[in-house]
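> Attaching a predicted model along with its sequence, questions to come.
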Amino acid sequence: MSERISREELVKIYNIEITFFDELVNSGLITIQTENEIRYLMYEDLPNFERFANWHYDLEINLPGLEVIHEMLKKMDDLRQRNRELMNKISAIGDNFVDG
């Protein structure tokens, strides 16, 4: 079984409101597993949760702002990946041109 942490533990450890956690879930920013009516966050999703909590509590960014920032960062990552792919293709074409 993968490692996970309960919603209640997160609320205590990170000193956040339980409603904030639930809002992240309801907006689709984090996904959870439920077992015996206990909500769990997988450890692999903890960095995203921490980022959202920091932005919300330290920078006072509201939930719609978190959603916008999250989407923009995903798009930036997608563009970086696409850029790498294109640069690799250009490099391969250049190598073939020089070798040919």
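Noted; the coordinates are in hand. Residues are numbered from 1 along each chain as shown.

> So which residues of the chain form helices?
For the chain, the helices defined by DSSP state H occupy 7-14, 18-26, 46-58, 63-99.

> Just send these back as JSON lines, with mean pLDDT and distance to Arg39 too.
Bear in mind the C-beta positions are built from the backbone N, C-alpha and C, glycine included. Formatted as JSON lines, these follow (pLDDT from 0 to 100; distance: least, C-beta to C-beta, whole Å):
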{"stretch": "helix 7-14", "mean pLDDT": "96", "distance to Arg39": "4"}
{"stretch": "helix 18-26", "mean pLDDT": "96", "distance to Arg39": "7"}
{"stretch": "helix 46-58", "mean pLDDT": "96", "distance to Arg39": "12"}
{"stretch": "helix 63-99", "mean pLDDT": "92", "distance to Arg39": "18"}
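
> is it possible to export those to TSV including mean neighbour count?
Output for the helices of the chain, formatted as TSV (neighbours: other C-beta atoms under 10 Å):
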stretch	mean neighbour count
helix 7-14	14
helix 18-26	16
helix 46-58	15
helix 63-99	11
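
> Next up, the contacts around the most centrally placed residue in the chain.
The residue lying closest to the centre of the chain (C-alpha atoms, centre = their mean) is Asn48, at 4.0 Å. Contacts for Asn48 (C-beta atoms under 8 Å, 6 or more residues apart in numbering) come out as Leu29, Ile30.
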